[in-house]
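Engineer: Just to be clear, the model below is a prediction. Sequence and coordinates:
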Amino acid sequence: AQSVTQLGSHVSVSEGALVLLRCNYSSSVPPYLFWYVQYPNQGLQLLLKYTSAATLVKGINGFEAEFKKSETSFHLTKPSAHMSDAAEYFCAVTAAYGGSQGNLIFGKGTKLSVKP
Amino acid sequence: EPEVTQTPSHQVTQMGQEVILRCVPISNHLYFYWYRQILGQKVEFLVSFYNNEISEKSEIFDDQFSVERPDGSNFTLKIRSTKLEDSAMYFCASSGDNYEQYFGPGTRLTVT
C-alpha cells in the first residue's frame, strides 16, 4: 500500500523568499514520485518526477525536489518565489513496477500563497 | 505541444441520469486514466485502461461506472445513474512509457 502526506495545507511566503513544500511518502515497493501544480480552474500540470535515477530532480519553473529514501521524503523547493507560483501543489506516488504504469496516489495538496 | 482535452468543461445533470464524460488523450499514449476531485478534497484514482481493457480500478469505481475507448482517439467515462455524491471534478490523464501522466483540464460534474 502507498500513501502520501503533505505537511501544511497552506504555506505563505514573500516574493523572493525560499519555497519549501513538504512531502513524505509510504510505500512497500520502490516508489516513483511526482509533483504536480494546479492553478485555479485548471488541470494538473507535471512539475517534476523521480524515477530512480538522480535523487535531486529539476523541474519546470525553477522547482526542484530531492528524494531521500532514509527520510521517505520528496520535498519541493524553489530558491526564490515569484507571484506566479501561487497555486496548489500536489505530491503523488506510484509503484515502480517494471514496464507497468500504475495509478497515482495523491497527497491532500498544499496551497502556496506569495505575498508581494 | 500535445495536450489532453476533455468535454464538456461543465456538466449539470439530475440525480439518476446517465452522463458520459469525454476525453481525447495524447495521440501516441497507451495508458489512460480517470481521476476525480471532490471539492476541497484530494485527487482520487478511479480507473486505468491499457490495451483496450481496465488494468486497475479503485473501490470508488463500482458497477455504476464504465469506461470505453470507442475509437482510436476518444476515451470516455460513463456514470449510469448519477448520485449527489458523484458531484466532483473529473480528470482524464494519459501516459506513454515514461510514467509521466498528463492531465486534461477536467470536467466539473454537478448532480442536482
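Structural biologist: The structure has been received and is ready for your questions.
Engineer: Could you pull out the buried residues of the lowest-mean-pLDDT helix or strand in chain B?
Structural biologist: Taking mean pLDDT, DSSP states H and E as the measure, strand B:53-57 is the helix or strand of chain B with the lowest mean score, a mean of 91. Neighbour counts using 16 or more other CB atoms under 10 Å in any protein chain shown place B:55-57 of strand B:53-57 among the buried residues. C-beta coordinates here come from the backbone N, C-alpha and C atoms, glycine included.
Engineer: Closest to chain A out of those residues?
Structural biologist: residue B:56 (5.7 Å; CB to the nearest CB).
Engineer: Show me what that closest one is bridged to.
Structural biologist: Bridge pairing for residue B:56 (DSSP bridges) gives the partners residue B:48.
Engineer: residues in contact with it?
Structural biologist: A:102-103, B:45, B:47-48 (CB atoms under 8 Å, 6 or more residues apart in numbering or on different chains).
Engineer: Strands along chain A, start to end?
Structural biologist: A:2-7, A:10-14, A:19-27, A:31-38, A:44-50, A:56-58, A:64-68, A:73-78, A:87-95, A:105-106, A:110-115 (DSSP state E).
Engineer: Could you dump these into CSV with mean pLDDT added?
Structural biologist: Below are the strands of chain A laid out as CSV (pLDDT from 0 to 100):
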stretch, mean pLDDT
strand A:2-7, 92
strand A:10-14, 97
strand A:19-27, 95
strand A:31-38, 94
strand A:44-50, 94
strand A:56-58, 95
strand A:64-68, 95
strand A:73-78, 97
strand A:87-95, 92
strand A:105-106, 93
strand A:110-115, 97
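Engineer: coming back round to it: from the chain's centroid, how far away is the least confident helix or strand of chain B?
Structural biologist: Strand B:53-57 has its C-alpha centroid displaced from the chain centroid by 13 Å (CA atoms, centre = their mean, to the nearest Å).
Engineer: residues from chain A in reach of chain B?
Structural biologist: Proximity of chain A to chain B (CB under 8 Å from any CB of the partner chain) is limited to residues A:32, A:34, A:36, A:42-46, A:49, A:51, A:90, A:92, A:94, A:101-109.
Engineer: where do the strands sit along chain B?
Structural biologist: Counting by DSSP E, the strands of chain B are B:5-7, B:10-13, B:19-24, B:31-37, B:43-50, B:53-57, B:65-68, B:75-79, B:88-95, B:101-103, B:107-111.
Engineer: okay, the last one in PDB with CA atoms only?
Structural biologist: Going back to what we said before, that points to strand B:107-111. The C-alpha coordinates for strand B:107-111 follow below in PDB (Å, rounded to 0.1, in the frame of the first residue of the first chain):
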ATOM      1  CA  THR B 107     -15.000  18.200 -16.400                       C
ATOM      2  CA  ARG B 108     -16.900  19.700 -13.500                       C
ATOM      3  CA  LEU B 109     -19.900  17.400 -12.900                       C
ATOM      4  CA  THR B 110     -22.800  18.800 -10.800                       C
ATOM      5  CA  VAL B 111     -25.500  16.500  -9.800                       C
END
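Engineer: who's in contact with it?
Structural biologist: B:6-15, B:19, B:21, B:79, B:82-90.
Engineer: Which among the strands of chain A is found nearest to residue B:99?
Structural biologist: The minimum distance between residue B:99 and the strands of chain A falls on strand A:31-38, with 5.4 Å, by CB to CB.
Engineer: Would you check that residue B:93 makes contact with residue B:105?
Structural biologist: No. Contact status for residue B:93 versus residue B:105: not in contact, 11.3 Å apart, counting by CB atoms under 8 Å.
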